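>>> Following is a predicted model, sequence given first.
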Protein chains: 2
Amino acid sequence: MNHFLTKQRAILKVCLISLIERKKMYGLQYLKELKETFKPYGYVPKHSEIYKALHELTAEGIIYRIKKRRCPDREGFQEIIIYQFTEDGLEKGRVYKQMVRSDLERSLGIIRKVLKDNY
Amino acid sequence: MNHFLTKQRAILKVCLISLIERKKMYGLQYLKELKETFKPYGYVPKHSEIYKALHELTAEGIIYRIKKRRCPDREGFQEIIIYQFTEDGLEKGRVYKQMVRSDLERSLGIIRKVLKDNY
């Protein structure tokens, strides 16, 4: 590993795993939740970034995607997207989160070092 | 401003300004110093990244670049590159550092928030 601070993608993936752990399943909720989380820090995650993070989690076999029809008994319907853990997804998700945790702590170390040495 | 964690480029620029404040002028020193600074954090800055940071600081009128011949009185010589502050470069550099400081503190906030909410 040779990179600088933790990547946006990794952090969004961690947040999405946590949301799904808390039984938040609706794709549409994620953008709203993540925007609220990071708003006080002047960061607004883009829809496309969240989509890419969900796509990676799916490709890694951590979550899977289901299309559902809302109100299938009525005339007219809307398709909604739901995400759930695969059979071993919860465990894989925890492993991924722990990996990112070390990287977040490494990043904290870098920022503290830069603040200490230069100010 | 809408970005995520502080950019590598900004942090390298801050470190370079500090090195020049401490009268370290030789382009060749920078790579060595910065590698040592970040080594414990698993990050090895690339020569090309440092070069780009120096280029930006030059373009922004904070520093300028001098080519010198080492041992001009002897036969055979080596060209060395020296960086110094422009007339108002020291002050401009301080302003830049303060701007990045706020952004580093914002980034600390994001990382702490992610650690608190997800672990």
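Cool, the structure landed.
>>> tell me the contacts of residue A:118?
B:14-15, B:17-18, B:97 (CB atoms under 8 Å, 6 or more residues apart in numbering or on different chains). In short, each C-beta sits where N, CA and C put it, glycine included.
>>> give me that answer again for 7 Å
By CB atoms under 7 Å, 6 or more residues apart in numbering or on different chains, residue A:118 lies in contact with B:14-15, B:18, B:97.
>>> Residue A:34 too?
Neighbouring residues of residue A:34 by CB under 7 Å, 6+ apart: A:12, A:15, A:45, A:50.
>>> Give the buried subset of those residues as a ChimeraX selection command.
Of those, the buried ones can be selected in ChimeraX as follows, counting by 16 or more other CB atoms under 10 Å in any protein chain shown:
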select /A:12,15,45,50
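>>> In a markdown table: the contacts of residue A:34, plus pLDDT, distance to chain B and secondary structure.
Formatted as a markdown table, these follow (pLDDT from 0 to 100; distance: CB to the nearest CB, whole Å; DSSP: H, G, I helix; E, B strand; the rest coil):
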| residue | pLDDT | distance to chain B | secondary structure |
| --- | --- | --- | --- |
| A:12 | 97 | 9 | helix |
| A:15 | 98 | 6 | helix |
| A:45 | 93 | 8 | coil |
| A:50 | 95 | 13 | helix |
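>>> Identify, from the contacts of residue A:34, the entry nearest to residue B:106.
Among the contacts of residue A:34, residue A:45 lies closest to residue B:106 (CB to CB), at 15.0 Å.
>>> in what helix or strand does the residue nearest to the closest one when sequence neighbours are not counted lie?
Distance criterion CB to CB, 6 or more residues apart in numbering or on different chains; nearest residue to residue A:45, sequence neighbours excluded, is residue A:34 at 4.8 Å. Assigned by DSSP states H and E, residue A:34 falls within helix A:27-38.
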